[in-house]
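1. Sharing a sequence plus its predicted fold:
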Amino acid sequence: MLTATRPRNNDGSTSGHGRAGAAILPAALALLLGLASGRLLAAEEARLDPYRRGLELEKRGAWLEACRCYDDALRRDRNNAAAREGYQRCVRRFLVSARQSDALYRMAAVKLKPSQALDFYDQVLEVVMAAAADRGKTDIARLFQEGLVELRFALDDPRFQENHLPLARPTALNDFKNRLAAWSPKRPIVTRLDAREQTKALLDAAVRDGLTMRPALASVMTLEFAAGACSAVDEYSSLLTPGHLAMMQAAMRGKLVGVGLEMGVEKERLVITRLIAKSPAAEAGLKVKDRVLRIGGVLVEDLPAESAAERLRGDPGSKVEVEVARDGEPGPARRVFTLVRRAVATPSVWWEKDLLHDGSMIGYIRIYHFDPCTPREVKRALSELGGPAGAVKGIILDLRGNPGGLFRSAMAVLESFLDEGVAAIGQSPFKEYHGPFRIDSPGAVQAPLVVLVDAETASSAEMLAGALKETRSTRAPTRLIGQTTFGKGSVQALIPLNKAALQPTGLRLTVARLFSPINQPYTGRGVAPDLLSDREDEALLQEAREELYKMINPAARTMLAAGPSS
């Protein structure tokens with residue numbers, strides 16, 4: 001019986017961290033892990049061949065950092081098939097490792113009977129086949145084959161081996177890996193029952209290869225087949241273990257347990273790249289650019305970024321020491337901060353008033369991601385900036401680095417800027433995600449709008465940018481400035497498996513594909529700005545001010561276009 005094919009609250013999350021580092025995990029989940037959502041490549045590394053750098057990192061097991069290198073290669077050439085394969089491979093290996101680091105998952109998995117694990121696999125197959133947007137990827141034989149791939153990745157994972165195969169003879173393990181690589185079903189797999197029987201046959205073969213197949217080991221191996229069926233859909237879809245499901249649910253509520261900092265790699269050193277206001281890290285006095293030396297007393301110099309960030313995680317109320325090096329300030333170069341983990345609110349919107357060179361008042365709004373509170377925060381920002389008919393003469397809307405978030409929240413934000421028209425077109429098995437999404441908002445802001453985007457603007461953020469570019473009326477002119485956006489046009493839904501033997505758990509599954517208002521795909525293409533610019537920080541903001549000035553004062557644009565009189 002199908003127990004879950006509809007997303008909770010009918011609300012999809014479009015923040016899939018896919019081709020870029022931000023797209024591997026939802027934005028808030030990456031924040032919880034302490035990982036910067038943007039690119040971590042230092043300037044020196046960026047000049048190297050990012051694909052070769054990715055291969056080197058992959059050999060070291062630095063899956064997330066390798067993904068970011070492959071992502072950089074894809075930015076330079078979207079048709080680089082080797083980089084795309086490397087990226088997808090490392091995403092899956094990262095998720096294997098993440099499952100094995102989830103203590104709640106390990107405890108629940110080993111308690112399952114093998115028959116219960118097979119039931120769980122069957123349920124996952126049923127949900128994936130019914131709910132996935134891309135019907136061409138849900139053939140049962142393909143889902144089974146991807147389960148084989150996932151199990152091979154798991155058997156290579158040091159944590160999986162430590163947790164479940166501590167006494168396995170290397171020769172027996174290698175024999176079983178070789179069997180998996182060459183496995184060919186004796187008959188075609190055309191039903192879920194066929195997939196179930198073939199999975200059991202493989203586990204029986206492991207015994208013949210010399211592995212001691214305890215019930216707990218049989219169960220966790222079967223669960224890897226379930227995870228593989230999810231990963232087969234695309235790099236945005238995954239099995240959510242109990243711990244990660246709790247993180248996702250907390251992220252959707254806008255609160256996460258952690259210390260409130262992000263880390264990234266600069267010049268091959270782990271540094272703090274962002275601090276969340278009113279978080280333990282910010283209140284303790286840590287600063288952006290602090291170089292992280294130890295976490296919990298363990299040197300992090302040679303650790304992959306994701307492994308170092310994992311040490312920041314823990315239960316609410318628990319403590320963790322972070323030692324950093326800080327240069328150029330009075331006081332000791334090395335400092336130790338003791339942080340108490342707690343639920344951290346992650347604000348998604350920041351705003352302020354700004355001035356053009358002629359003294360005209362404008363508004364600046366930055367949206368970091370889309371969560372349930374974002375529409376309310378944007379409305380508050382617009383109210384404080386003067387409202388639809390208020391003091392500001394124009395607005396700069398900054399979507400740079402925004403990896404996405406809740407699709408419905410992005411649609412609600414769009415209603416503040418778009419009075420009417422088609423916002424997006426969806427293709428999905430679900431009625432609520434299929435067909436055109438229309439906006440009818442008579443109170444929308446009509447002021448001129450400059451939208452800042454970059455290669456990290458992804459998912460629901462680029463849907464917002466695309467809708468504003470293609471649909472906003474001439475009465476409310478809009479200009480996009482920056483770089484072509486990420487190129488992800490799909491909606492992920494969190495689907496709890498409430499009646500499964502493994503509890504709590506669920507799937508994060510791509511349930512819809514999105515197209516622009518004029519039916520152009522986002523995936524693989526992104527949204528091209530009206531004005532391409534490689535400027536950053538204040539230089540880009542100044543360019544945005546100049547463009548907004550021209551929009552507010554059409555005569556100025558005419559005079560500038562004509563040039564100086566002779």
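-> Now that the structure is in, tell me what you want to look at. Residues are numbered from 1 along each chain as shown.
2. Share the number of residues neighbouring residue 410, please.
-> 27 (other C-beta atoms under 10 Å). No exception for glycine: its C-beta is placed from N, CA and C like everyone else's.
3. unless I'm mixing things up, it is touching residue 465, no?
-> No: using C-beta atoms under 8 Å, residue 410 makes no contact with residue 465, being 10.1 Å away.
4. Burial check on the residue nearest to residue 298 when sequence neighbours are not counted, number of neighbours?
-> Leaving aside its sequence neighbours, residue 298 sits nearest to residue 311 (C-beta to C-beta, 6 or more residues apart in numbering; 6.4 Å). For residue 311, the number of neighbouring residues by other C-beta under 10 Å comes to 17.
5. likewise residue 531?
-> 12.
6. what's the answer for the one 10 residues further on, then?
-> Residue 541 is flanked by 18 other residues according to other C-beta under 10 Å.
7. would you say it is within a helix?
-> Yes: the assignment for residue 541, made by DSSP: H, G, I helix; E, B strand; the rest coil, places it in a helix.
8. thought it was touching residue 396?
-> Yes: if you go by C-beta under 8 Å, residue 541 and residue 396 touch, sitting 7.2 Å apart.
9. Can you list the low-confidence ranges for the protein?
-> In the predicted model, the chain carries pLDDT under 70 at residues 1-48, 250-256, 304-306, 331, 387-390, 474-475, 555-566.
10. Not counting its neighbours along the chain, what's nearest residue 295?
-> Taking C-beta to C-beta, 6+ apart as the measure, residue 295 lies nearest to residue 311, with 4.1 Å between them; neighbours along the chain are not counted.
11. for the one you found, phi and psi?
-> Listed backbone geometry of residue 311 is phi -70, psi -10, with angles given as degrees, to the nearest 10.
12. what does residue 141 give?
-> Phi and psi for residue 141, reported as degrees, to the nearest 10, are phi -60, psi -40.
13. Ok, residue 321 next?
-> Here the main-chain torsion angles of residue 321 (degrees, to the nearest 10) amount to phi -90, psi 130.
14. hang on, it packs against residue 336?
-> Yes: in this structure, residue 321 sits in contact with residue 336. The criterion is C-beta under 8 Å, and the distance is 5.7 Å.
15. Show me what residue 397 is bridged to.
-> With DSSP bridges applied, the residues forming beta bridges to residue 397 are residue 365, residue 451.
16. which residues sit in contact with residue 412?
-> Contacts for residue 412 (C-beta atoms under 8 Å, 6 or more residues apart in numbering) come out as 374-375.
17. Verify the assumption that it is located in a helix.
-> Yes: the assignment for residue 412 is a helix, going by three-state DSSP.
18. if I look at it, how far off is residue 534?
-> 32 Å (C-beta to C-beta, to the nearest Å).
19. Break the protein down into its domains, please.
-> Per automatic domain parsing, the structural domains of the chain span 43-237, 251-345, 349-486+527-557.
20. now for those domains, which one comes closest to residue 512?
-> Counting by C-beta to C-beta, residue 512 lies closest to domain 349-486+527-557 out of these; the figure is 3.5 Å.
21. The closest residue to residue 442 other than its chain neighbours and residue 465, how far apart?
-> The spatial neighbour of residue 442 that comes closest, neighbours along the chain excluded (C-beta to C-beta, 6+ apart), is residue 419 at 6.1 Å. Look at residue 419 and residue 465: by C-beta to C-beta, they are 17 Å apart.
22. So between those two, which is more surrounded?
-> Legend: neighbour count by other C-beta under 10 Å for residue 419 and residue 465, higher for residue 465 (26 against 19).
23. ok, the more buried one touching residue 483?
-> No: between residue 465 and residue 483 there is no contact under C-beta under 8 Å: 11.4 Å.
24. Extract the C-alpha trace of stretch 426-436 and format it as PDB.
-> Coordinates of each C-alpha in stretch 426-436 appear next as PDB, following Å, rounded to 0.1, in the frame of the first residue of the first chain:
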ATOM      1  CA  GLY A 426       5.400  23.400 -13.600                       C
ATOM      2  CA  GLN A 427       5.500  19.800 -14.800                       C
ATOM      3  CA  SER A 428       4.600  17.300 -12.100                       C
ATOM      4  CA  PRO A 429       2.600  14.200 -11.100                       C
ATOM      5  CA  PHE A 430       1.000  16.400  -8.500                       C
ATOM      6  CA  LYS A 431      -1.800  18.700  -9.500                       C
ATOM      7  CA  GLU A 432      -0.600  21.500  -7.200                       C
ATOM      8  CA  TYR A 433       2.700  21.700  -9.000                       C
ATOM      9  CA  HIS A 434       1.400  21.100 -12.600                       C
ATOM     10  CA  GLY A 435       0.600  23.900 -15.000                       C
ATOM     11  CA  PRO A 436       1.000  27.700 -14.700                       C
END
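25. burial count for residue 202?
-> Other residues within reach of residue 202 by the criterion other C-beta under 10 Å amount to 21.
26. Just the buried residues of stretch 486-505, please?
-> In terms of neighbour count (16 or more other C-beta atoms under 10 Å), stretch 486-505 has its buried residues at 486-497, 500-502, 504-505.
27. Just the endpoints, please. Distance across it?
-> Between the start and the finish of stretch 486-505 there is a gap of 30 Å, counting by C-alpha to C-alpha, to the nearest Å.
28. give me the number of residues near the residue nearest to residue 348 when sequence neighbours are not counted?
-> By the measure of C-beta to C-beta, 6+ apart, the closest residue to residue 348 outside its immediate chain neighbours is residue 374, 4.5 Å from it. In terms of burial, residue 374 registers 23 neighbours under the definition other C-beta under 10 Å.
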